[in-house]
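> predicted model and sequence follow; I will ask about them next.
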Amino acid sequence: MGKDHKWRYSAYQITWLFFSSNQVYFYQYTLYMDCDEKKEITNEYFYRDITSFNTSSDTIEVRTYDKKKKDYTLKNVGSTRFCLAVPGDKMYCAMEQNEANERAVQAMKSKLREKKSA
C-alpha cells in the first residue's frame with residue numbers, strides 16, 4: 001500500500017475494448033515487473049454472443065509484509081472489476097470505480113441492448 005492508501009501490484013495491466021458495428025474486440029496486455037514475464041490476450045466477440053457487461057466490487061485477501069511485525073500477514077483489500085461475459089467464458093479487468101468509468105459501462109450496456117434488439 002502506498003502513502004496515498006492505494007494498493008499496488010508488481011504486474012501492470014492495460015485493457016482495451018474496441019467496438020465495431022458487429023463485434024467487440026478485447027485486447028489485454030499484462031507486464032510483470034518482478035520477473036521476465038508478460039501475457040497478451042486478444043479476443044473478439046459478436047454482440048449476439050455477449051451475455052453482459054458488468055462490474056463487481058468485492059474483497060480479496062492479499063498477503064502483505066508488515067514492517068512492524070517483520071512478517072507477512074493477510075489483509076482484506078477492496079477490488080473493483082469489469083467483466084465481459086459470454087457463455088462459458090468471462091474476461092475480467094481491474095477498474096477504478098469513478099463516475100467516468102460508470103458512464104462508460106452504462107454506455108456499453110446500452111450499446112449491447114441496442115444490438116440485441118436489432
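Great, that's in hand.

> could I get the CA-only coordinates of the helix-or-strand element of the chain with minimal mean pLDDT as CSV?
The helix or strand of the chain with the lowest confidence, counting by mean pLDDT, DSSP states H and E, is strand 52-66 at a mean of 86. The C-alpha trace of strand 52-66 is given here as CSV (Å, rounded to 0.1, in the frame of the first residue of the first chain):
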residue,chain,number,x,y,z
SER,A,52,-23.4,-9.0,-20.3
PHE,A,53,-21.1,-6.2,-19.4
ASN,A,54,-20.9,-5.8,-15.7
THR,A,55,-18.9,-4.6,-12.7
SER,A,56,-18.3,-6.2,-9.4
SER,A,57,-16.8,-4.9,-6.1
ASP,A,58,-15.5,-7.4,-3.7
THR,A,59,-12.9,-8.0,-1.1
ILE,A,60,-9.9,-10.1,-1.8
GLU,A,61,-7.3,-11.4,0.7
VAL,A,62,-3.8,-10.2,0.0
ARG,A,63,-0.5,-11.4,1.6
THR,A,64,1.5,-8.4,2.6
TYR,A,65,4.6,-7.7,4.5
ASP,A,66,4.1,-6.0,7.9
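
> flag the shaky bits of the chain, pLDDT-wise.
1, 7-8 (pLDDT under 70).

> measure the residue nearest the centre of it to R63 for me?
Nearest to the mean C-alpha position of the chain, by CA atoms, centre = their mean, lies C93 at 1.3 Å. C93 sits 22 Å away from R63, going by CB to CB, to the nearest Å. Heads up, the C-betas are built off the backbone N, CA and C, glycines and all.

> can you map out the helices along this structure?
99-117 (DSSP state H).

> in the sheet, which strands lie alongside the least confident helix or strand of the chain, parallel or antiparallel?
strand 71-86 (antiparallel) (DSSP bridges).

> who's in contact with the strand it pairs with?
With CB atoms under 8 Å, 6 or more residues apart in numbering as the test, strand 71-86 has contacts from 7, 15, 17, 24, 26, 45, 49-66, 90-97, 101, 105.
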